[in-house]
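1. heads up, no residue letters with this:
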């Protein structure tokens, strides 16, 4: 399955993450994206071609207590909504 806390906190907002899995970036090597967003890992994602790149500097919530994990979820949601508004 994946990160159980991620499945739980996404379920709180009625999003079933239990059926999702990671994909290799190599599956997208021939696609040019409008945006490539990283989450503070410092990786440049050289295998992904993108017109725009941004690093959101979001801490990895994997080992955080559930309430902090929810705050990270909400932070990501807010940043995604703001990005969509700019498109």
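-> Sure thing, it's come through. Values in this document were obtained by computation on a predicted structure and should not be read as measured data. Residues are numbered from 1 along each chain as shown.
2. quick one, helices of this protein?
-> Under the criterion DSSP state H, the chain contains helices at 4-11, 66-86.
3. is it true that residue 48 touches residue 24?
-> No: using CB atoms under 8 Å, residue 48 is not in contact with residue 24, being 11.4 Å away. No exception for glycine: its C-beta is placed from N, CA and C like everyone else's.
4. the more surrounded of the two?
-> More crowded of residue 48 and residue 24, by other CB atoms under 10 Å: residue 48, with 17 against 8.
5. give me the contact list for stretch 75-87.
-> 34-35, 37, 39, 56, 58 (CB atoms under 8 Å, 6 or more residues apart in numbering).
6. of those residues, the lowest pLDDT goes to which?
-> Note: of the contacts of stretch 75-87, the lowest pLDDT belongs to residue 39, at 86.
7. can you pull the contacts of the closest residue to residue 49 other than its chain neighbours?
-> Nearest residue to residue 49, sequence neighbours excluded (CB to CB, 6 or more residues apart in numbering): residue 32, at 4.5 Å. By CB under 8 Å, 6+ apart, the contact list for residue 32 reads 49-51.
8. out of the residues you listed, who's nearest residue 67?
-> residue 50 (33.0 Å; CB to CB).
9. which residues are in contact with the residue in the chain sticking out farthest from the centre?
-> Within the chain, residue 30 marks the point farthest from the mean C-alpha position, 20.8 Å out by CA atoms, centre = their mean. Listed by CB under 8 Å, 6+ apart, residue 30 has no contact partners.
10. from residue 52, how far off is it?
-> 18 Å (CB to CB, to the nearest Å).
11. what do you get for residue 84?
-> Where residue 52 is concerned, residue 84 sits at a distance of 13 Å (CB to CB).
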